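Enquirer: Here you go, sequence then predicted model.
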Amino acid sequence: MYLVYILMAIGLFFAFAGTVGVLRMPDAYCRMQSSTNIATLGTLGALLGAFLYAIYLKNTGMAIKILFIAVFIIVTNPVAGHAICKAAYKRGVKAEKLTCDDYGRDFPNE
């Protein structure tokens with residue numbers, strides 16, 4: 001049961017750290033990375049804790065649903081964050097400091 005609390009605390013830590021990152025980061029791209037961490041790692045910690053709790057309650061249906069939700073979040077959140085960043089780049093949102101501009105090769109005429 002303590003492992004459930006530890007996983008929930010890990011999810012809470014990533015949610016808090018990501019929130020601080022959103023408030024402190026200098027530009028939209030860094031903020032997007034922090035918000036993606038909140039949505040992926042913060043939620044994943046809570047879901048793993050809920051999964052272990054469902055196993056503790058011997059509720060197999062709930063455990064399977066939680067696993068499907070976790071897999072869906074792992075697959076979709078990073079892809080969605082990347083797509084939003086690429087759209088922001090295409091719309092002309094400027095970054096504070098770019099050490100490498102890999103998106104520039106995708107849009108050579110702009």
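Expert: Received the coordinates, thanks.

Enquirer: Which helix runs longest in this structure?
Expert: The residue-count maximum for a helix in the chain (DSSP state H) belongs to helix 60-91.

Enquirer: got the buried residues for it?
Expert: Within helix 60-91, the residues that count as buried by 16 or more other Cβ atoms under 10 Å are 63, 66, 70, 73, 77, 81, 85, 88, 89. Bear in mind the C-beta positions are built from the backbone N, C-alpha and C, glycine included.

Enquirer: can you check stretch 96-106 too?
Expert: Neighbour-count burial for stretch 96-106 [16+ other Cβ under 10 Å]: residue 103.

Enquirer: Hmm, residue 81 is touching residue 30, no?
Expert: No. Look at residue 81 against residue 30 with Cβ atoms under 8 Å: they stay out of range, at 11.8 Å.

Enquirer: any idea how far the least confident helix or strand in the chain by mean pLDDT is from the chain center?
Expert: Here the helix or strand of the chain ranked lowest by mean pLDDT, DSSP states H and E is helix 28-37, holding a mean of 88. Relative to its chain's centre, helix 28-37 lies at 9 Å (Cα atoms, centre = their mean, to the nearest Å).

Enquirer: and that helix, what does it pack onto?
Expert: Counting by 3 or more Cβ pairs under 8 Å, 6 or more residues apart in numbering; DSSP states H and E, the packing neighbours recorded for helix 28-37 are helix 2-24, helix 60-91.

Enquirer: Cheers, nothing more for now.
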